[in-house]
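Participant: Have a look; sequence and predicted model below, questions after that.
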Amino acid sequence: MAKNTAQFMLERLADWGVRRIYGYPGDGINGLLGAFHEVGDRVEFTQTAHEELAAFAACAHAKFTGEVGVCMATSGPGAIHLLNGLYDAKLDHQPVVAIVGQQKRMGLGGNFQQEVDLNSLYKDVASEFVQVCMVPAQAAHLVDRAIRIARATRSVTCIIVPDDVAEAEHEDPPRAHGAVFSGEGFPNPPRVIPQETDLRRAAEVLNEGERVAMLIGAGAFGAAEEVKQVADILGCGVAKALNGRAALPDDLPYVTGSIGLLGTKPSNDMMEGCDTLFMVGTSFPYSEWLPEPGQARGVQIDIDGKMIGIRYPMEVNLVGDSREALRALIPRLRRKEDRSWREEIEQNVERWWEILQERAMEDAEPLNPQRVFHELSSRLPDRCILTADSGSGTNWWARQLKLRDGMMAALSGTLATMCPGVPYALAAKFAYPDRPVIASVGDGAMQMIGINALIDVAKYWHRWSDPRLIVLVLNNRDLNQVTWEQRVLAGDPKLEASQDLPDFPFARYAEMLGFKGIRVDDPDDVAHAWDEALASDRPVVYEAVTDPEIPPLPPHIRFEQAQKMAQTLAKGDPHEIRIAWNSLKGKLTEFTTR
């Protein structure tokens with residue numbers, strides 16, 4: 001029996017190594033859905049409760065495995081719902097292929113139901129490649145190019161499949177003028193090494209520096225040993241952009257942790273005191289947290305020449321793979337005999353961990369969110385995978401958790417969108433069913449779409465060899481990150497009409513789904529609750545009732561921020577007394593911990 005185009009496309013994806021497609025059904029992809037019966041277990045359709053969750057999961061699959069993530073949705077509304085997760089992939093440079101349905105060709109242009117101009121809709125998010133499969137003979141090269149371009153450019157690509165084409169009998173292109181023939185398969189990544197003259201110039205700058213600061217990002221994954229060698233030779237510290245959270249363990253004494261508003265004081269101090277900046281595999285966007293222009297000489301390594309020299313006026317730019325470039329650079333570096341800069345950094349790091357512990361133990365009403373993360377940190381299982389959503393909890397996730405070697409971590413680093421925390425965790429469990437996964441999510445993101453993602457977890461968790469998927473929900477009944485941004489960035493008091501959230505029984509909801517639900521509102525119960533969650537034989541929702549007035553203090557309060565906060569208090573924030581007291585306590589800890 002002849003195969004249709006949909007079946008051919010799924011088989012072609014399987015030939016490329018695609019084993020799972022996240023998606024949600026609709027009549028615009030009926031042909032594709034029916035073809036899953038024919039391909040058997042070569043490719044599995046994994047239903048999510050919303051198309052946005054499917055796109056997030058595909059992005060997370062790419063982040064955690066290095067493979068191409070694939071998602072699928074119907075025409076019109078389904079394709080629209082994919083966009084947020086696809087932009088997450090685009091901005092974090094992840095290879096994702098979106099396959100979206102379209103109305104039958106004969107109806108296009110007729111204002112037909114659910115007809116959307118998908119080429120225009122997707123031309124930005126899938127700017128490298130978006131094409132409509134107009135005839136069956138196109139199917140092979142469209143699948144091949146979508147995957148190959150996604151991998152080669154680390155970007156989002158899209159194939160639009162009209163329903164009548166999907167259901168039409170597949171045919172190979174004729175051997176005629178205008179036909180395109182292609183094949184599947186992608187080579188191992190090439191060795192991209194900078195030119196000798198550029199390596200020599202970079203080494204000269206780094207060797208002449210007396211106080212070198214390294215900043216690494218997601219591009220440094222796979223180059224941990226080389227980063228360690230360079231840090232030892234140069235006697236420097238290493239800060240990490242959030243997308244590079246797991247690129248280097250936090251238990252190394254010279255790792256200063258995250259940088260920026262969500263960063264650490266040692267990272268900030270290192271940037272303010274350095275005379276040389278060495279950026280490796282990162283496009284960290286906030287230049288105000290880097291050295292002032294003219295303060296430091298700069299060297300940068302990035303595989304993408306478009307991302308070179310756009311954050312700091314670098315003296316030497318190296319286009320190349322981080323691991324290969326560092327390996328080529330290391331023999332040219334001279335070990336710095338004066339280790340005073342490194343010793344200062346290590347002392348600052350040691351003191352910072354003490355400050356974080358003391359901040360975590362400060363009183364709050366009812367729970368200090370920092371304590372929730374602090375108690376988890378020492379209990380993190382080996383090889384665990386951590387995901388985070390976007391919100392005030394991301395501050396504590398970035399600072400309080402001490403990641404060890406072998407752990408993985410991911411979040412929406414550049415788009416910083418709400419809602420990826422739980423679907424990221426779902427994708428992590430499918431990719432590594434034997435590893436524990438812990439997601440950290442605010443109550444805003446959980447109410448927006450997270451509770452729907454829990455339905456997906458309930459559907460699939462019995463398939464995982466290690467059932468531990470823990471979702472930490474910070475329940476403070478406030479859209480907390482935006483509340484603090486209003487106070488600190490705009491100088492406005494909290495607008496309760498926009499910021500207050502209704503209470504939701506997250507732990508009880510988890511129990512309805514067959515999970516373990518744990519609700520904690522007593523500081524003395526925080527540690528025991530983590531032990532209980534980590535020992536569970538099923539997924540867990542750990543609902544922590546936290547204080548929204550614990551300020552997510554940046555590592556250094558700038559004058560403009562202090563000025564805006566003063567304006568906020570002068571205008572009469574509804575929680576001004578507690579804000580002032582909690583802010584004071586947090587800063588006093590820095591001065592008293594010596």
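Facilitator: Cool, got the structure. Numbering: from 1, shown residues only.
Participant: Wait, a strand at residue 467?
Facilitator: No - under DSSP: H, G, I helix; E, B strand; the rest coil, residue 467 falls outside any strand and is assigned coil.
Participant: Look up the pLDDT of it for me, please.
Facilitator: On pLDDT, residue 467 comes in at 97.
Participant: And residue 180, by the same measure?
Facilitator: 89.
Participant: Tell me, how many residues neighbour it?
Facilitator: Neighbour count of residue 180, defined by other CB atoms under 10 Å: 12. Every C-beta, even on glycine, is put in place using the N, C-alpha and C of the backbone.
Participant: Once you drop chain neighbours, what's closest to it?
Facilitator: residue 141 (4.6 Å; CB to CB, 6 or more residues apart in numbering).
Participant: Run a quick neighbour tally on the one you found.
Facilitator: 19.
Participant: For residue 145, see how far away the residue lying farthest from the centre of the chain is.
Facilitator: What lies farthest from the middle of the chain is residue 176; by CA atoms, centre = their mean that is 45.7 Å. Applying CB to CB, to the nearest Å, the value for residue 176 to residue 145 is 20 Å.
Participant: Same question for residue 24.
Facilitator: Using CB to CB, residue 24 is found at 25 Å from residue 145.
Participant: okay, the two: which has more neighbours?
Facilitator: residue 24 (21 against 18).
Participant: nearest residue to residue 308 other than its sequence neighbours?
Facilitator: Closest to residue 308 by CB to CB, 6+ apart is residue 317, at 4.3 Å.
Participant: for stretch 137-145, the distance to its chain's centre please.
Facilitator: Relative to the chain's own centre, stretch 137-145 is displaced by 30 Å; criterion: CA atoms, centre = their mean, to the nearest Å.
Participant: now swap in stretch 99-116 and tell me
Facilitator: With CA atoms, centre = their mean, you get 34 Å for stretch 99-116.
Participant: Next, residue 160: secondary structure please.
Facilitator: strand.
Participant: what sits against it?
Facilitator: Contacts for residue 160 (CB atoms under 8 Å, 6 or more residues apart in numbering) come out as 100-102, 118-119, 122, 130-133.
Participant: circling back to that earlier point, the residue nearest to residue 180 and residue 130, how far apart?
Facilitator: Distance of residue 141 to residue 130, given as CB to CB: 14 Å.
Participant: What of residue 98?
Facilitator: Taken as CB to CB, the span from residue 98 to residue 130 is 9 Å.
Participant: The two: who's more crowded?
Facilitator: residue 98 (32 against 22).
Participant: still on that earlier bit, the residue nearest to residue 308: how many residues sit nearby?
Facilitator: 19.
Participant: Do you know the pLDDT at it?
Facilitator: For residue 317, pLDDT reads 97.
Participant: what does the one 4 residues further on give?
Facilitator: Residue 321 is assigned a pLDDT of 95 by the prediction.
Participant: wait, it sits on residue 194?
Facilitator: No - the criterion here is CB atoms under 8 Å, and residue 321 misses it with residue 194 at 9.6 Å.
Participant: Name the residues linked to the residue nearest to residue 308 by a beta bridge.
Facilitator: Beta-bridge partners for residue 317, by DSSP bridges, are residue 300.
Participant: What separation do you get for it and residue 92?
Facilitator: 22 Å.
Participant: hang on, the residue nearest to residue 180 in a helix?
Facilitator: Yes - counting by three-state DSSP, one finds residue 141 located in a helix.
Participant: one step back: list residues touching both of residue 98 and residue 130?
Facilitator: With CB under 8 Å, 6+ apart as the test, residue 98 and residue 130 both reach 122, 157-159.
Participant: Tell me the one of those nearest residue 502?
Facilitator: Nearest to residue 502 among the shared contacts of residue 98 and residue 130 is residue 122, at 35.3 Å by CB to CB.
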